[in-house]
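here is my input, please return the structure:
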Amino acid sequence: MPSFPALSDAVRNGASRHRPVMLAEVLAALSLESGDRVIDGTFGAGGYSAAILNAAPDIHVMAIDRDPDAIRDGAALVEAAEGRLNLVEGRFGDLASLAEEHGFIPADAIVLDIGVSSMQLDDAARGFSFRADGPLDMRMEQEGPSAADLVNTMDETALADLIYTYGEERRSRAVARAIVAMRRETPFETTKQLADLVARVVHMPRDAIHPATRTFQALRIAVNDELGELERALDSAEEILGEGGRLAVVTFHSLEDRIVKRFMAERAGDTPDPSRHMPMGARPAATFETLRRKPIDPSSEEIAENPRARSARLRVARRTAAPARVASPKGRR
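Now for the predicted structure:
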């Protein structure tokens, strides 16, 4: 197997804070071969992309990220890859149209690492984390409505529903009520303002997660439409993967994992009722084969070295020859 030190150096120098989660397991799941065309739908710091390029000769990668900072910081890796890495600014929900535009159909493998990156979490100015005070932002694309816009403008019922649905916060109504009461006096501008308020409402044991964890998760998902993007990306993967192509998805919380699990099971024909709209007894041909029913978990060694990996789950499926079930946009195919 060839080795390209420049690729590893580019990743190490550009994003020393980031560790790609379950890298060895993802590479094994993708089963890469020389000449493969691979899509990394969530580029981040380029850890997966660099490892994929190093996995076998003549692999070409199209990497996608919606964060302008990731695109800027990935320039060194693009240069080191010497024409084998195409880094595209965009959403992975638009994976099919981007792959068509850049000549990556059919793809041989697709990897998606869902959620916020370590660089985003660690940069207080991006407002994703309550660990350090910063603007209450959370926008991956750095444009559009921010988390502050949501907490300062949504009505109490809608805000409570959002926090409950996307954060699975049982005290969502109390949190929303407290937010609305406080913003009448002072609009929310910083992560500390919101985290301190939630901590006064949600009481957790000392050894549990921070009280604001679920509320922050809910706002981040809503601001970036993360679950909608995931659903669109899975449909796109079905459309553009060639026969035998692998889909590997790493998730970090139950909402994401349920979407991936349901998609793979349905497309593999592992559900008793594939669609309420279909006649009784009708079952479409399986478009994916699930390679194992249960997700792959990170090793205890990886969790010890990288605590952020503890909630990660990897699910893998292989594309069959059956036609995709999702209708293609006009002009494609």
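
phi, psi of the spatially most central residue of the chain?
Among the residues of the chain, the one closest to the centroid is Ile114, at 1.6 Å (Cα atoms, centre = their mean). Backbone geometry at Ile114, expressed as degrees, to the nearest 10, gives phi -80, psi 150.

quick check, it in contact with Ala248.
No - using Cβ atoms under 8 Å, Ile114 makes no contact with Ala248, being 11.3 Å away. Where you see a C-beta, it was placed from the backbone N, CA and C, and this is true even at glycine.

which ones are touching Arg318?
244-247, 288-289, 291 (Cβ atoms under 8 Å, 6 or more residues apart in numbering).

that one falls within a strand, correct?
Yes - under DSSP: H, G, I helix; E, B strand; the rest coil, Arg318 falls within a strand.

buried residues, stretch 197-205. List them.
Buried positions in stretch 197-205, judged by neighbour count with 16 or more other Cβ atoms under 10 Å: 197-198, 201-202.

for Ala107, phi and psi?
The phi/psi pair for Ala107 (degrees, to the nearest 10) is phi -90, psi 150.

so it touches Arg246, yeah?
No - counting by Cβ under 8 Å, Ala107 does not reach Arg246; the two are 9.6 Å apart.

hang on, the earlier thing: turn the buried residues of stretch 197-205 into JSON lines, columns for secondary structure, distance to Glu141 and pLDDT.
As requested, these are exported to JSON lines (DSSP: H, G, I helix; E, B strand; the rest coil; distance: Cβ to Cβ, whole Å; pLDDT from 0 to 100):
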{"residue": "Leu197", "secondary structure": "helix", "distance to Glu141": "27", "pLDDT": "97"}
{"residue": "Val198", "secondary structure": "helix", "distance to Glu141": "25", "pLDDT": "97"}
{"residue": "Val201", "secondary structure": "helix", "distance to Glu141": "30", "pLDDT": "97"}
{"residue": "Val202", "secondary structure": "coil", "distance to Glu141": "29", "pLDDT": "96"}
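
out of these, which one sits closest to Leu219?
Closest approach between the buried residues of stretch 197-205 and Leu219, by Cβ to Cβ: Val198, at 10.6 Å.

next up, the contacts around the nearest residue to that closest one once chain neighbours are set aside.
Sequence neighbours aside, Ala212 is the residue nearest to Val198 in space, at 4.1 Å (criterion: Cβ to Cβ, 6 or more residues apart in numbering). The contact partners of Ala212, by Cβ under 8 Å, 6+ apart, come to 130, 194-195, 198-199, 202.

quick check: Ala212 vs Asn86, distance?
38 Å (Cβ to Cβ, to the nearest Å).

my read: Ile39 touches Ala109, true?
Yes - using Cβ under 8 Å, Ile39 makes contact with Ala109 at a distance of 7.4 Å.

where in this structure is pLDDT low?
For the chain, residues meeting the criterion pLDDT under 70 lie at 1-18, 272-282, 326-333.

hey, which strand is longest across it?
Ranked by number of residues, the top strand in the chain under DSSP state E is strand 241-251.

for the helix or strand that it is followed by, C-alpha coordinates in CSV please.
Sequence-wise, the next helix or strand downstream of strand 241-251 (DSSP states H and E) is helix 254-267. Extracted C-alpha coordinates of helix 254-267, given in CSV (Å, rounded to 0.1, in the frame of the first residue of the first chain):
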residue,chain,number,x,y,z
SER,A,254,-29.8,8.6,19.0
LEU,A,255,-31.8,10.9,16.7
GLU,A,256,-29.2,10.6,13.9
ASP,A,257,-28.7,6.9,14.5
ARG,A,258,-32.4,6.1,14.3
ILE,A,259,-32.6,7.8,10.9
VAL,A,260,-29.7,5.8,9.6
LYS,A,261,-30.9,2.6,11.1
ARG,A,262,-34.4,3.0,9.7
PHE,A,263,-33.1,3.9,6.2
MET,A,264,-30.8,1.0,5.9
ALA,A,265,-33.3,-1.5,7.3
GLU,A,266,-36.1,-0.2,5.0
ARG,A,267,-33.8,-0.2,1.9
